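[1] Prediction below, plus the sequence it came from.
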Amino acid sequence: MEDPVMEDSDESLLPIWRANLVVLTQEVGAATRLARMMTFSASYLKLMLSGQREFNEEFVRGVEAVTGLPAGWMNSAHDEHEIPANAREAIDNETPLARFRGTAHPARKRSVLRPPEPIFGQPAPVRRIEEESFDVEAHRRQAHFRKVRELAVQDVRRFERHLASPPVELNVLRAKVEDVIAASDQLDADQAEHADLTGRLEQIEKHRHLLMRHVEKLQALLVRLGESE
C-alpha cells in the first residue's frame, strides 16, 4: 500500500528528518531500540530510514519527546557529535521519556475540487454529519486498539526484563547444584542422578534462551500490528 501524499511543509523537511533519524540510529541496535520506544516495529522504522516509507511531523515531534531531544531539533541537519547526551542515553538504555500515541502516516493533501452535488435531493449537511460520526467512531476504535496493545506490550516487556534478570542467576544456581553433587560423592550417591541434575540445568538454560526468543518475537508482532499498512 503506497503512502498518502504529504503536506508541502512535511515534504520539504522530510530529507532533513530522515537524515537525522539515520544519525540517531547509527549505533548497532539503536534502530530497534528507538522503534520499541516509539511502539513501532523495527522493520517499519527501517523502511523509513531507507526512504521506502514517508512519515509526518507528528512522528518527528514524537521522536523528540520520547528521546528528550529539544523541540524542533529534528528540523535542522545534525551529525552524531551534536546528539545531546540525554537523548543518546535514552536510546542506548531504551528508556523513553514520553509515550508516543500518534502515527507516522502522512496526511493526504486537501482536495481542491468541488464536492459532488447531492444525489436525488439528499441534503449535503446530513451526509457531512454521517461522515463525521463515522470518523469519530473509527478514531475511537483506533484509540481503544492502541491502548489495549500498549498495555499488552508493557506486560511483555516486563516479562522480558524478568527473564533477562531472574531473581537467581543461572550460573549461581549451577554452582550450588555442582556443590551438592560434589558433596554427595562422599555419600556414594548414584552417578545417574548426578547426570540427571546436570542435564536438567542444561535444559533450563536451553529453554530459557528459547523462551526469550519467543518473547522478543511476540513483542515485535504486537508492535507491528496495526502499523504495517
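    Good, I have the coordinates.
[2] State the pLDDT value of V22.
    At V22, the predicted lDDT confidence score is 95.
[3] count of residues packed around it?
    A count of neighbours around V22, defined by other Cβ atoms under 10 Å, yields 14. Any C-beta I mention is one placed from the backbone N, CA and C, and that applies to glycine too.
[4] any idea which helix or strand carries it?
    Taking DSSP states H and E as the definition, V22 sits inside helix 8-24.
[5] Let me see the ranges of the strands in this protein.
    Counting by DSSP state E, the chain has no strands to list.
[6] How is it divided into domains?
    8-110, 123-229 (automatic domain parsing).
[7] hey, which of those is tucked in deepest?
    domain 8-110 (a mean of 16; mean count of other Cβ atoms under 10 Å).
[8] contacting residues for Q52?
    Counting by Cβ atoms under 8 Å, 6 or more residues apart in numbering, Q52 makes contact with nothing.
[9] And the most centrally placed residue in the chain, how far from E11?
    Among the residues of the chain, the one closest to the centroid is R36, at 2.3 Å (Cα atoms, centre = their mean). Going from R36 to E11 by Cβ to Cβ, to the nearest Å gives 28 Å.
[10] same question, R224
    Relative to E11, and taking Cβ to Cβ, R224 is found at 26 Å.
[11] How about V63?
    For V63, the distance to E11 equals 18 Å [Cβ to Cβ].
[12] re the thing from before, ok, of the domains of the chain, where does mean pLDDT dip lowest?
    Here the domains of the chain differ in mean pLDDT, and the lowest is domain 123-229 at a mean of 75.
[13] Fine by me, we can end here.
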